[in-house]
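A.B. asks: Need coordinates for the following:
(6 chains)
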Amino acid sequence: MLHTVNKSSFERNSLQSCLNAIDDSSVILLIEDGVISAANNANSSMLAELATQGRVFALQGDIDARGISSKVADNIKLVDYAGFVDLVVEHGTAVSWV
Amino acid sequence: MLHTVNKSSFERNSLQSCLNAIDDSSVILLIEDGVISAANNANSSMLAELATQGRVFALQGDIDARGISSKVADNIKLVDYAGFVDLVVEHGTAVSWV
Amino acid sequence: MKISIQINEGPYQHQASDTAYQFAKAAIAKGHEIFRVFFYHDGVDNASRFTVPPQDDRNVVNNWASLDIKNADGEPELVVCVAAALRRGMLDEGEADKNGIDGNNIHPAFRISGLGQLIEAGIQSDRLVVFGD
Amino acid sequence: MKISIQINEGPYQHQASDTAYQFAKAAIAKGHEIFRVFFYHDGVDNASRFTVPPQDDRNVVNNWASLDIKNADGEPELVVCVAAALRRGMLDEGEADKNGIDGNNIHPAFRISGLGQLIEAGIQSDRLVVFGD
Amino acid sequence: MSTKKFMYLNRRAPYGTVYALESLEVVLIAAAFDQDVSLAFMDDGVYQLVEGQNTDGIGMKNFSKTFHALGDYDINQFFVSAESLTERGLSADDLMPLVWEDEDDDWAEKPSVKVVSNVELSKLMSEQDVCLSF
Amino acid sequence: MSTKKFMYLNRRAPYGTVYALESLEVVLIAAAFDQDVSLAFMDDGVYQLVEGQNTDGIGMKNFSKTFHALGDYDINQFFVSAESLTERGLSADDLMPLVWEDEDDDWAEKPSVKVVSNVELSKLMSEQDVCLSF
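C.D. replies: Numbering: from 1, shown residues only, chains lettered A, B, ... in the order given. Sure thing, here's the model as predicted:
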């Protein structure tokens, strides 16, 4: 599955809820204000662990818009909208943590 | 001052931010989904402490709508919309933690 | 006391407009003056005369209109921000004509004006209360 | 692959509609079919032909219209939920007439229909992606 | 049409936003499509099912009673996060007693609500074809 | 008209929602009213001031440069929560170098941004006549 999170984990509980309900084969894509959680200050060790496994993606355009491209944490893979489409195609059912 | 909080502290950081920025003479009014933080499971000891000082209010109508009237924590004062108006009049500048 | 209100969200999606309406009604009942209600952001959508809510639900736009908030010159003090309104497709006849749009949708109990009206409300009122998401 | 999209928020207030548009454009560029875009909740406000955004900003409604998403019968597959639309003052000519409203504001690239169209999109598409607040 | 597994994911409290009400409107329509439908309630979404909601004081429609009607439309899979309940000081006893009648078991009345762990929810979610979020 | 103290409270990241942009539009208008204006940035609102925003990839207008113009309108009191910065791994060096020219000091260029503690913010807030939240 593909889980998308579009809100900052500082503002809302959606990333944490997603992490609580994610299975071993799912990947996470951070979009919109959700990319704030991709910065290396991201306060979730579980997200970092998933990133190490290559299971965390973030939208490059949203990162750049918020001026945090130099702060992206290790192992988070950046994608453009075409990459977003590929993730949707490859990972089956999409769940949006809106 | 009067601080209003309209979001659940489970969902958002607005109550916590309000508590971080409140001075000794201010009061808090919980409205809309903010009343969820008035239930006795409310996860903030600081809110409980302010309630003990008589500085925490909640909108009765919003509490009833969410079916949690039997769970309201001690010392939280329930008001109707007329009471909301009185709080605005009595406490000077209003800050909304939207 | 003179009280003004800022509303940041449209009808139905968020409770903000409902709460603000109940607050305004209660303030008037207590003898206070609602100097101005300023609709900003998606709040501008509260002014649409096109809304047709289900019969068993409240009509948010008519609720506001029923408060009949006007100034001494008889102008509505339910004020819709023009910049926010244009972005979101809320138009009166004047703005529709000016922008070549073939229709308009503002309820007559509201008027469109500039952001200065929000600042002025803050200056002229004893209190300004914000309702939003 | 057949992909459908659900949009829960209106234009400008939230990025949801912008992201969904960029996603749809990229999917089409990659050779996928956008089976349907379903506008629900405040998402219905993306279909207003009355919007007049500032000249230096994007036009969200025209962006959607430019994708020209239609089915084999030539009908738009930018579908606006009728129940959500009526509540929020988004009307086509038929709904305006039926409800005695003196105007309509749906852009011709969109059509109003029922919630069944969302379920059908879920059934007929390989993927359904939700964009919201 | 083929049968797919649809999950409706509800994470917001009722009344503060319209998502709970308009999610219910989708589910009512979905009932006509003969698909495999389940509802998940997590985070503040669990408040949608709390018994005793009374909206007289806020001038909004109380739609919670509509949940009782869903059993008649064969919508009887309500999965509620145990962790979300506990975190909020709620238990299954605080929720509306939603039921459905099992045609295959002499129309016996059975509960629609199942409290499950987040791990179980995660497994259920991974079995879905479509997940609509509100 | 009398002079009042207005504070604009910004708590949201830019671009994900319109609040940051439309807050800036209010502040630009407010400049014409000759009031005492200050801006507070807390929580994700601090991202509004981060240097190097580039919106080419998302098709939205980059309005961050507008902050540089505010000094010319005598809007030069930007209070940024130190705690909010620290929590996000940011420091004052990550923010745009906003300045204003002090007429009373031979037009010396001075910084508009002040990083303050939440306690100081709380004190500033209590001195306001009007607080507009975005």
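
A.B. asks: which residue ranges form the helices in chain E?
C.D. replies: E:19-30, E:66-69, E:82-87, E:118-126 (DSSP state H).

A.B. asks: any idea which of the ones you listed is most buried?
C.D. replies: By mean neighbour count, with neighbours taken as mean count of other C-beta atoms under 10 Å in any protein chain shown, helix E:19-30 ranks first of the helices of chain E at a mean of 21. To be clear about C-beta, it is placed using only N, CA and C from the backbone, and glycine gets the same treatment.

A.B. asks: any bit of that one sitting next to chain D?
C.D. replies: Yes: Helix E:19-30 is in contact with chain D by C-beta under 8 Å from any C-beta of the partner chain, via E:19, E:22, E:25, E:26, E:29, E:30.

A.B. asks: between the residues you listed, which is closest to residue C:129?
C.D. replies: Using C-beta to C-beta, residue E:19 comes nearest to residue C:129 of these, at 25.0 Å.

A.B. asks: Just the buried positions in the longest helix seen in chain C, please.
C.D. replies: Ranked by number of residues, the top helix in chain C under DSSP H is helix C:16-29. By neighbour count on 16 or more other C-beta atoms under 10 Å in any protein chain shown, the buried set for helix C:16-29 is C:16-28.

A.B. asks: cool, and stretch A:91-98?
C.D. replies: If you call a residue buried by 16+ other C-beta under 10 Å, then stretch A:91-98 has these buried ones: A:91, A:93, A:94, A:95, A:96, A:97, A:98.

A.B. asks: Mind checking the pLDDT average for that stretch?
C.D. replies: If you average the pLDDT over stretch A:91-98, you get 97.

A.B. asks: Just give the number of residues close to the nearest residue to residue E:49 once chain neighbours are set aside.
C.D. replies: Using C-beta to C-beta, 6 or more residues apart in numbering or on different chains and skipping residues adjacent in sequence, the residue nearest residue E:49 is residue E:95, 4.5 Å away. By other C-beta atoms under 10 Å in any protein chain shown, 23 other residues sit near residue E:95.

A.B. asks: contacting residues around residue E:95?
C.D. replies: E:46, E:49, E:50, E:51, E:80, E:113 (C-beta atoms under 8 Å, 6 or more residues apart in numbering or on different chains).

A.B. asks: Quick check: bridge partners of the last one?
C.D. replies: The reference is to residue E:113. residue E:78 (DSSP bridges).

A.B. asks: Would you confirm that residue E:7 contacts residue E:126?
C.D. replies: No: counting by C-beta atoms under 8 Å, residue E:7 stays clear of residue E:126, with 10.3 Å between them.

A.B. asks: Spatially central residue in chain A, please.
C.D. replies: Centroid check for chain A by C-alpha atoms, centre = their mean gives residue A:30 as the closest residue, at 2.8 Å.

A.B. asks: So which bits of the worst-scoring helix or strand of chain A on mean pLDDT are buried?
C.D. replies: One helix or strand of chain A scores below all others by mean pLDDT, DSSP states H and E: helix A:45-52, with a mean of 93. For helix A:45-52, burial by neighbour count (16+ other C-beta under 10 Å) applies to A:47, A:48, A:50, A:51.

A.B. asks: Throw the residues you listed into JSON lines and include distance to chain D, thanks.
C.D. replies: Converted to JSON lines, the buried residues of helix A:45-52 look like this (distance: C-beta to the nearest C-beta, whole Å):
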{"residue": "A:47", "distance to chain D": "20"}
{"residue": "A:48", "distance to chain D": "25"}
{"residue": "A:50", "distance to chain D": "21"}
{"residue": "A:51", "distance to chain D": "22"}
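
A.B. asks: circling back to that earlier point, with pLDDT, neighbour count and distance to residue E:133 added, can I get the contacts of residue E:95 in a markdown table?
C.D. replies: Formatted as a markdown table, those follow (pLDDT from 0 to 100; neighbours: other C-beta atoms under 10 Å in any protein chain shown; distance: C-beta to C-beta, whole Å):
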| residue | pLDDT | neighbour count | distance to residue E:133 |
| --- | --- | --- | --- |
| E:46 | 98 | 26 | 16 |
| E:49 | 98 | 26 | 17 |
| E:50 | 98 | 20 | 21 |
| E:51 | 98 | 11 | 25 |
| E:80 | 98 | 23 | 16 |
| E:113 | 98 | 20 | 20 |
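
A.B. asks: In these, find the pair that's most separated.
C.D. replies: Farthest-apart pair in those is E:51 and E:80; separation 13.0 Å (C-beta to C-beta).

A.B. asks: I'd guessed residue E:67 sits against residue E:21; true?
C.D. replies: No: the pair residue E:67 / residue E:21 is not scored as a contact, 11.3 Å apart, by C-beta under 8 Å.

A.B. asks: Okay, now the unreliable bits of chain E?
C.D. replies: Within chain E, the set of residues satisfying pLDDT under 70 comprises E:1.

A.B. asks: which residues in it form strands?
C.D. replies: In chain E, the strands defined using DSSP state E lie at E:5-10, E:36-41, E:78-81, E:99-102, E:108-111, E:113-116, E:130-133.

A.B. asks: Reformat these as TSV; add distance to residue C:68.
C.D. replies: Converted to TSV, the strands of chain E look like this (distance: least, C-beta to C-beta, whole Å):
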stretch	distance to residue C:68
strand E:5-10	38
strand E:36-41	42
strand E:78-81	45
strand E:99-102	48
strand E:108-111	50
strand E:113-116	46
strand E:130-133	40
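
A.B. asks: Need the buried residues of helix C:16-29 in a markdown table (columns: distance to chain E and pLDDT).
C.D. replies: Below are the buried residues of helix C:16-29 laid out as a markdown table (distance: C-beta to the nearest C-beta, whole Å; pLDDT from 0 to 100):
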| residue | distance to chain E | pLDDT |
| --- | --- | --- |
| C:16 | 9 | 98 |
| C:17 | 11 | 98 |
| C:18 | 6 | 98 |
| C:19 | 8 | 98 |
| C:20 | 12 | 98 |
| C:21 | 8 | 98 |
| C:22 | 6 | 98 |
| C:23 | 11 | 98 |
| C:24 | 12 | 98 |
| C:25 | 9 | 98 |
| C:26 | 12 | 98 |
| C:27 | 16 | 98 |
| C:28 | 15 | 98 |
